[in-house]
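In: need a structure here:
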Amino acid sequence: WGLTEQLVVELKTQVPLIHQVIPVPLKLRDRLYGTIGKNDQQIHPLLRVASHAALKVFDKYMRLFEDASIYCVALVMYPHYKLEWFRLRRYNESDIRRIKELLNSTFEHVTQTWGKARSDGPQDVDLVHSDSDQTLADGWLSDDKMGLESTPACRDTLQDYLSAPLVPVETLRRGGLLVYWDGQLKCTPRIAKFALSILSSPASSVDAERAFSSGRLTINHLQHSMGDVTFEAKMAVGSWFNTPLLPSVDTAATLVEKKAKH
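Out: Below is the predicted model:
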């Protein structure tokens, strides 16, 4: 399947940039809803059930994003998205205003820390990032593309950044997102430096090797010898817990007890 090949590429061990964290799950959610709603006899009922189960887990984790404001800020600082990404997904104007306030407060906080820092230039960041920007452009999990306008003269304020036309996604792919913002330091140094400080943050990972590298901050120190299969099962059960798939500890205990008898 071409769809399966794309998904395998997307799920390979890598560190995506933080602005990719929300769009990919939302695109995946849309495809899962599409799978459930299709009147296609070729789609096996088991796939529809699995899609419904995945959506239950999805809803559980998406609620956690409400307490993590940096993801919204990162989306706005992606020059092809800005606030238009939220409008495209039918966010109301009240939500848009809240996101703008969040962006402004984050910008003020970050720029205040620059005065305390000894370095005059932007923090050193790794401008080479994963190929996931390119793979997102292909097919099933393709980038959202908004209409583009001509580019006016640049000014170094958030308002001017938001008012400027969206940057074509092809321009961002040419050298990479961080390389693009590095090139903007001469034109809009404050905005570019802020964007680099936000967008260079790696997204969190549930990959075993990356989780173990954080030691006791992420997992119990006795779990360092845990095998990959056990780790994957632990993550799966953890994601199902407190959803209709696995509503209580009693359900999990019953499953373990049945397995132990065989």
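In: what about stretch 64-75, start to end distance?
Out: The first and last residues of stretch 64-75 sit 17 Å apart, counting by Cα to Cα, to the nearest Å.
In: can you pull the buried residues of it?
Out: Of the residues in stretch 64-75, those buried under the neighbour-count criterion (16 or more other Cβ atoms under 10 Å) are 71, 72, 73, 74, 75. For every residue, glycine as well, the C-beta is placed using N, CA and C.
In: can I get these in JSON lines with distance to residue 258?
Out: Converted to JSON lines, the buried residues of stretch 64-75 look like this (distance: Cβ to Cβ, whole Å):
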{"residue": "71", "distance to residue 258": "39"}
{"residue": "72", "distance to residue 258": "43"}
{"residue": "73", "distance to residue 258": "46"}
{"residue": "74", "distance to residue 258": "44"}
{"residue": "75", "distance to residue 258": "44"}
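In: give me the below-cutoff pLDDT ranges for the stretch 1-150 of the chain.
Out: 1-16, 66, 116-150 (pLDDT under 70).
In: 90 - rerun?
Out: In the predicted model, the stretch 1-150 of the chain carries pLDDT under 90 at residues 1-72, 86, 88-92, 95, 111-150.
In: quick one, helices of it?
Out: Using DSSP state H, counting those that start in this stretch, the helices of the stretch 1-150 of the chain run over residues 2-11, 23-37, 45-62, 70-76, 84-88, 93-116, 132-135.
In: residue 200 is nearest to which of those helices?
Out: Nearest to residue 200 among the helices of the stretch 1-150 of the chain is helix 70-76 (10.0 Å), distances taken as Cβ to Cβ.
In: most packed of the helices of the stretch 1-150 of the chain?
Out: Comparing the helices of the stretch 1-150 of the chain on average neighbours per residue, with mean count of other Cβ atoms under 10 Å, the densest one is helix 70-76 at a mean of 21.
In: pLDDT (mean, whole number) over stretch 248-262?
Out: Averaged over stretch 248-262, pLDDT sits at 71.
In: what about residue 161, distance to residue 23?
Out: In this structure, residue 161 and residue 23 are separated by 20 Å, where distance is defined by Cβ to Cβ, to the nearest Å.
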